[in-house]
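Colleague: below are the sequence and a predicted model; questions follow.
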Amino acid sequence: NAGVTQTPKFRVLKTGQSMTLLCAQDMNHEYMYWYRQDPGMGLRLIHYSVGEGTTAKGEVPDGYNVSRLKKQNFLLGLESAAPSQTSVYFCASKDRSGTGELFFGEGSRLTVL
Amino acid sequence: LAKTTQPISMDSYEGQEVNITCSHNNIATNDYITWYQQFPSQGPRFIIQGYKTKVTNEVASLFIPADRKSSTLSLPRVSLSDTAVYYCLVGVPLSSGSARQLTFGSGTQLTVLP
């Protein structure tokens, strides 16, 4: 199993450009999360989803949009990128039963010039 | 949301036992405590999870006092490869299907010295 796969792994954008990060999981997990991690910092939750067709805001949702049209995919969109959105983005998934653990992707490094 | 507080950094020597404590004074009744490890340029990786008392697996132990307002991750006989950032998380998806936000704190940078 691939687990959690993020694409692309690296991207450079100019201010004002838009892009979408894709997270795909093959574990049939209900919950999916997008985090950002700035240098030397912990992870901050951007948005999350408790199931197909549902999304919710996390700690730092401004400037981002998400969609969960299919259970296995969770998309993170930047409509108008800003230098403050330069970060490493991590996607995670989790099953619905009991406690479970978060399974993370390898991260997507985004630079906005 | 249950806020967590951990030391920013810790140093240890190879072969020693390392204990990292996390404070979570406003932990909720349904919350579990989970610890993750993160190496540079990688996503966090699950280490251990517990609700109360003591939990042990092949890599670590987790000690949780009766009031559950803190927890201690214990790594026995650390090696250089244990150098990483360790995060304590508190929270759990409710059985109703809603997901409590799983919030990471700043983590503890553990450096193991030779």
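Modeller: Noted; the coordinates are in hand. Residues are numbered from 1 along each chain as shown, chains lettered A, B, ... in the order given.

Colleague: going forward, measure contacts and count neighbours with C-alpha atoms only.
Modeller: Fine.

Colleague: quick one: residues contacting the residue in chain B that chain A sits nearest to.
Modeller: Chain A sits closest to B:Ser106 of chain B, with a gap of 4.4 Å, by CA to the nearest CA. Applying CA atoms under 8 Å, 6 or more residues apart in numbering or on different chains, we find B:Ser106 in contact with A:41-43, B:5-6, B:8, B:87.

Colleague: do that again at 10 Å, thanks
Modeller: Applying CA atoms under 10 Å, 6 or more residues apart in numbering or on different chains to B:Ser106 gives the contacts A:40-44, B:4-8, B:85-88.

Colleague: ok, B:Cys22 next?
Modeller: So B:Cys22 contacts B:3-7, B:33, B:35, B:64, B:69-73, B:87-90, B:105, B:107-108 (CA under 10 Å, 6+ apart).

Colleague: ok, back up a step: which of the contacts of B:Ser106 count as buried?
Modeller: Buried members of these, counted by 16 or more other CA atoms under 10 Å in any protein chain shown: A:42-44, B:4-6, B:85-88.

Colleague: sort the residues you listed by pLDDT and name the bottom one.
Modeller: pLDDT across the buried ones among the contacts of B:Ser106 is lowest for A:Gly42, at 84.

Colleague: before we move on, back to that, now intersect the contacts of B:Cys22 with the strands, please.
Modeller: Mapping the contacts of B:Cys22 onto strands (DSSP state E) picks out B:33, B:35, B:64, B:70-73, B:87-90, B:108.

Colleague: centroid residue for chain A?
Modeller: By CA atoms, centre = their mean, chain A has its centre lying nearest to A:Trp34, at 3.0 Å.

Colleague: now that one: closest residue in space that isn't a chain neighbour?
Modeller: Nearest-residue entry for A:Trp34: A:Cys91, 4.6 Å, with adjacent residues in sequence omitted and distances by CA to CA, 6 or more residues apart in numbering or on different chains.
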